[in-house]
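Trainee: Predicted model follows, preceded by the sequence.
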Amino acid sequence: MSEPTLEDLQELARKTEMQLHELNRSRELLVRDASPHMSKDYFTQLKGHIATIDKKIEDVTKKLEKLRTNIKRRKGMSKPQRNLPRKRRF
């Protein structure tokens, strides 16, 4: 499999940012719906959902940071080098 081009990385970063935005939005809605007046079981279940979303947000944020680092590294290369795969060392 060949390495993705700079444009592919930028598109993937854009999609990942949208995914992060959606996760933050769904977390915000869950937190807003949480109320101390609801049943204890439902509240506990809601906290579990929020914790799951927090974990996904953390994973997506790490992925986005790696993509941005990779994009910065690629932008630093001259134009012909960008689309070539890096040399593999064995």
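Mentor: Received, thanks.
Trainee: helix or strand for Arg25, which one?
Mentor: Secondary-structure element containing Arg25, defined by DSSP states H and E: helix 6-33.
Trainee: angle of the next helix or strand after that helix against helix 6-33?
Mentor: For helix 6-33, the following helix or strand on the C-terminal side (DSSP H and E) is helix 40-75. Using axes from the mean of the first three to the mean of the last three CA atoms, to 10 degrees, the direction of helix 40-75 lies 160 degrees away from that of helix 6-33.
Trainee: Which elements pack onto the helix holding Arg25?
Mentor: With contacts defined as 3 or more CB pairs under 8 Å, 6 or more residues apart in numbering; DSSP states H and E, helix 6-33 has these neighbours: helix 40-75. C-beta: built from backbone N, CA, C; applies to glycine.
Trainee: can you pull the buried residues of the helix it packs on?
Mentor: With burial defined by 16 or more other CB atoms under 10 Å, the residues of helix 40-75 counted as buried are 46, 53, 57, 60, 64, 67, 70, 74.
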